[in-house]
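Engineer: this is the structure alone, sequence omitted:
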């Protein structure tokens with residue numbers, strides 16, 4: 001698997017985490033891959049063969065070849081049908097809301113074809129430009145022109161939402177909402193309503209996903225085998241709390257996660 005990341009233009013770096021590419025040769029013995037929630041929204045272009053996304057144990061859909069992957073709070077399975085070649089844009093939790101009028105909550109837990117979010121002709125033209133671009137550098141230039149033309153100050157995510165997300169990111173998901181709101185709990189319902197519309201999940205759900213990311217990075221990138229240590233470093237109450245959240249978002253235990261062929265792709269994203 002060849003996974004690479006690229007940094008965005010300075011005018012977009014507050015909204016976009018990175019651009020990324022993934023290339024995997026065709027393999028007749030390819031495994032289903034379990035994808036773990038990461039708190040971000042992705043715009044993805046499938047440039048290789050089709051990719052299945054399982055809706056149940058045996059049933060699947062083919063992912064749109066130019067799509068938005070909304071916020072997810074549960075793991076899901078994908079499986080390549082052959083050669084994998086993907087170019088994608090990873091938006092920060094509040095990033096994508098600056099480019100579309102559609103409430104972000106309508107995009108959660110599913111793939112949405114680009115043509116449903118932008119004018120069909122414009123979406124098709126963008127897809128064709130990305131397909132026929134001769135390099136990753138050229139694809140990044142194409143998508144940045146597209147996004148900068150659509151960056152609309154009027155649709156900028158409201159300050160209460162951005163402040164909350166920045167606090168969650170800076171504390172690895174551990175900032176209590178009441179602390180962020182400075183004990184002004186009258187704002188809590190307003191925050192949760194705006195959060196769901198503009199981010200697609202609740203503040204609590206996003207905080208749990210961000211904290212899990214911290215734990216996954218420790219699990220995959222350090223020598224420690226102590227789950228208690230990982231739980232402590234990630235600010236879980238105890239090991240049992242860590243394992244409970246881990247299973248909720250990955251569908252497996254921390255020890256089963258390591259070395260699991262179905263987790264190869266998710267592990268690659270976190271390393």
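Structural biologist: Sure thing, it's come through. Bear in mind the structure is a predicted one, so any value in this text is a computation, not a measurement. Numbers count the residues shown, from 1 in each chain.
Engineer: can you give me the strands for the stretch 51-200 of the chain?
Structural biologist: 51-54, 60-62, 66-69, 76-80, 84-91, 111-113 (DSSP state E, counting those that start in this stretch).
Engineer: of all those strands, which lies closest to residue 126?
Structural biologist: Of all the strands of the stretch 51-200 of the chain, it is strand 66-69 that lies closest to residue 126, at 7.3 Å by C-beta to C-beta. Placement of C-beta: from N, CA and C, glycine included.
Engineer: mind checking how far that closest one is from the chain centre?
Structural biologist: Offset of strand 66-69 from its chain centre (C-alpha atoms, centre = their mean, to the nearest Å): 11 Å.
Engineer: in that strand, what's buried?
Structural biologist: 66-69 (16 or more other C-beta atoms under 10 Å).
Engineer: for residue 187, which non-adjacent residue is spatially closest?
Structural biologist: residue 181 (5.1 Å; C-beta to C-beta, 6 or more residues apart in numbering).
Engineer: check the nearest residue to residue 90 once chain neighbours are set aside and give its pLDDT.
Structural biologist: Of all residues not flanking residue 90 in the chain, residue 17 sits nearest, at 4.4 Å (C-beta to C-beta, 6+ apart). For residue 17, the pLDDT comes out at 94.
Engineer: helix, strand, or coil at residue 17?
Structural biologist: strand (DSSP: H, G, I helix; E, B strand; the rest coil).
Engineer: ok, it - how many residues close by?
Structural biologist: Using other C-beta atoms under 10 Å, residue 17 is surrounded by 20 other residues.
Engineer: circling back to that earlier point, mind putting the buried residues of strand 66-69 into JSON lines with pLDDT?
Structural biologist: As requested, these are exported to JSON lines (pLDDT from 0 to 100):
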{"residue": "66", "pLDDT": "98"}
{"residue": "67", "pLDDT": "98"}
{"residue": "68", "pLDDT": "97"}
{"residue": "69", "pLDDT": "96"}
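Engineer: let me have those in CSV, adding distance to residue 242 as columns.
Structural biologist: Conversion of the buried residues of strand 66-69 to CSV gives the following (distance: C-beta to C-beta, whole Å):
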residue, distance to residue 242
66, 37
67, 33
68, 31
69, 26
